[in-house]
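Trainee: Have a look; sequence and predicted model below, questions after that.
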Amino acid sequence: MRTHDLTTVRNLGILAHVDAGKTTVTERILHRTGATHKTGEVHDGTTVTDFDPQERDRGITIFSAAVTCTWAGHRLTLIDTPGHVDFTAEVERALRVLDGAVAVFDAVAGVEPQSETVWRQADRHGVPRIAFVNKMDRAGADLDAAVASIRARLHPAPLVVQLPVGREDGFTGVVDLLRLPSDAPAEARRRRRVLEEAVAELHPLALEEFCAAGTVSAETLEKALRELTLSGAGLVVLCGAAYRDRGIEPLLDAVVAYLPSPSDVAPVREDRPADPAAPLAALVFKVVSAATGRLTYLRVYSGTLRKGDQVRAGDRTERIARVLRVQADRQSEVDSAVAGDIVAVAGPKAARVGATVSAPGAELLLEPPVTAEPVVSVA
Ligand code: GDP
């Protein structure tokens, strides 16, 4: 993986109603990608993403944290977004710095009020999404009903790309409808047909192939699904049971296949392209005050941020003492961060959430100046 190859970067959020399983999905992703080997359980308060004691006490994810892991040669940074209704401003901030998202739903409850609120926020920010219907192992879990509620309340074109195997307690996993084995059951073949027809209706290339060959190849389906995800015209739907570690690998594959890289999204500003050689523009989206010092989380939109650099942050000039990539259970120091990266830096003493970090002489403001300073304290 080359550091400057933006196409192998995915900055994504996991959006969900409280209790849909966002924390569990995040934990399983980190476990599966090898970012952490201790799989924290939600109920005993040892999850590794929720490192703030207040969060652990309340059992909900209050503050956004960014965690980096690797999958199939891609660098995935998960930006945690609060699911609780009281923290929509924080959700907005997180939506600003991510490029795509996985919306998690409960297979029994389907679309819940808070999922709808977060969905509309993501719509406003134009965030491409895929959906993960979680808790397929629960009594009453029903993928078709969950998809019907998504269609009725959120998105007119859900595109189910998997066949769940087994029901409720007997749920054992999923079959990929794009690459069906030759001995696939009739129900899988029927669902594949439904998917082909739905994609053909939305995508000219798929339609052409469908008309000519009576079927659509996996390659064309994947290409079409990616474009439909990026434009928002279609919504890829997957399912699983995070708690049982079912459906996590296909979800990671879908993140890589369908969600955008920083080079797929519009630049933050015309004169600040997602290019390491462009003038620096970064946005502070979280500040954590820990015993080891103050950490400032940044999304770099353009340019390069190097250790030792003097930068403009808000109305001050500050020195970047260290650049850190934050993994689930550790931080690793790097020499620089480039356009598309999400990192934490040490050094700036006064940079606030919402502040723009830019090069002296090439200053800009990505957001209006803020007065309040939400700093998260970690014991
Ligand atoms: P969050 O509030 O969205 O972060 O949800 P959590 O990850 O904390 O999960 C809420 C509850 O649902 C916890 O008790 C989890 O153990 C449980 N849960 C999460 N995923 C699954 C799943 O796939 N199946 C079942 N049955 N329960 C799950």
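Mentor: Structure received. Numbers count the residues shown, from 1 in each chain.
Trainee: got the residues of this protein near the ligand?
Mentor: Within the chain, the positions near the ligand by CB under 6 Å from any ligand atom are 16, 18-24, 42-43, 61, 83, 134-135, 137-138, 241-244. To be clear about C-beta, it is placed using only N, CA and C from the backbone, and glycine gets the same treatment.
Trainee: Kindly supply the ChimeraX command isolating those of the residues you listed that are buried.
Mentor: Entered in ChimeraX, the line below selects the buried ones among these, by 16 or more other CB atoms under 10 Å:
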select :16,18,19,20,21,22,23,24,42,61,83,134,135,137,138,241,242,243,244
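Trainee: Which members of the residues of the chain next to the ligand occur in helices, if any?
Mentor: Those of these mapping onto helices are 22, 23, 24, per DSSP state H.
Trainee: As a markdown table, those residues with pLDDT would be great.
Mentor: Shown next, in a markdown table, are these (pLDDT from 0 to 100):
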| residue | pLDDT |
| --- | --- |
| 22 | 89 |
| 23 | 88 |
| 24 | 92 |
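Trainee: and of those, the nearest to residue 155?
Mentor: Relative to residue 155, the closest of these is residue 22; by CB to CB it sits at 19.0 Å.
Trainee: ok, for that closest one, nearest residue in space, not its chain neighbours?
Mentor: In space, and not counting its chain neighbours, residue 22 is closest to residue 16: 4.0 Å by CB to CB, 6 or more residues apart in numbering.
Trainee: same deal with residue 187?
Mentor: Leaving aside its sequence neighbours, residue 187 sits nearest to residue 163 (CB to CB, 6+ apart; 6.3 Å).
Trainee: One more: residue 301?
Mentor: Residue 301's closest residue in space is residue 268 (CB to CB, 6+ apart), at 4.0 Å.
Trainee: What is the neighbour count of the closest residue in space to residue 135 that isn't next to it in sequence?
Mentor: Closest residue to residue 135 in three dimensions, ignoring its sequence neighbours and counting by CB to CB, 6+ apart: residue 107, at 4.7 Å. Neighbouring residues of residue 107 were enumerated by other CB atoms under 10 Å; the total is 27.
Trainee: contacting residues around residue 107?
Mentor: Contacts of residue 107 were listed using CB atoms under 8 Å, 6 or more residues apart in numbering, and they are 133, 134, 135, 136, 138, 141, 142, 143, 146, 239.
Trainee: From residue 240, how far off is it?
Mentor: Distance of residue 107 to residue 240, given as CB to CB, to the nearest Å: 9 Å.
Trainee: got any residues that touch both of the two?
Mentor: In contact with both residue 107 and residue 240: 133, 134, 136, using CB under 8 Å, 6+ apart.
Trainee: Out of those residues, flag the one nearest to the ligand.
Mentor: Taking CB to the nearest ligand atom as the measure, the ligand lies nearest residue 134 of the shared contacts of residue 107 and residue 240, at 5.0 Å.
Trainee: want to try TSV for the shared contacts of residue 107 and residue 240, with pLDDT and distance to residue 274 as columns?
Mentor: Shown next, in TSV, are the shared contacts of residue 107 and residue 240 (pLDDT from 0 to 100; distance: CB to CB, whole Å):
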residue	pLDDT	distance to residue 274
133	98	32
134	98	32
136	98	37
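Trainee: Just the ones in strands from those, please.
Mentor: Mapping the shared contacts of residue 107 and residue 240 onto strands (DSSP state E) picks out 133, 134.
Trainee: related to what we said a few turns ago, roughly how far does the residue nearest to residue 301 sit from the ligand?
Mentor: Remark: distance between residue 268 and the ligand (CB to the nearest ligand atom, to the nearest Å) = 29 Å.
Trainee: Could you shift the numbering so residue one becomes 109, and keep it that way?
Mentor: Taking 109 as the first residue, the last one we looked at is residue 376.
Trainee: close enough to count as contact, that residue and residue 390?
Mentor: No. Judged on CB atoms under 8 Å, residue 376 makes no contact with residue 390 at a distance of 9.5 Å.
Trainee: ok, the two, which is more surrounded?
Mentor: The residue with the greater number of neighbours, taking residue 376 and residue 390 and applying other CB under 10 Å, is residue 390; the counts read 31 against 23.
Trainee: Residue 416: what's it in contact with?
Mentor: 427, 428, 429.
Trainee: just the buried members of those residues?
Mentor: Using 16+ other CB under 10 Å as the threshold, residue 428 are the buried ones among these.
Trainee: Between the contacts of residue 416, which sits nearest residue 458?
Mentor: Within these, the smallest distance to residue 458 is 12.0 Å, found for residue 427 (CB to CB).
Trainee: Not counting its neighbours along the chain, what's nearest the closest one?
Mentor: In space, and not counting its chain neighbours, residue 427 is closest to residue 455: 5.0 Å by CB to CB, 6+ apart.
Trainee: try residue 332
Mentor: The shortest distance from residue 332 to any non-neighbouring residue, by CB to CB, 6+ apart, is to residue 311 (3.9 Å).
Trainee: hang on, that neighbour packs against residue 337?
Mentor: No. With contact taken as CB under 8 Å, residue 311 and residue 337 are classed as non-touching, separated by 11.2 Å.
Trainee: Which residue ranges of this structure form helices?
Mentor: 130-140, 161-166, 196-205, 221-232, 251-261, 294-310, 312-321, 326-339, 356-366.
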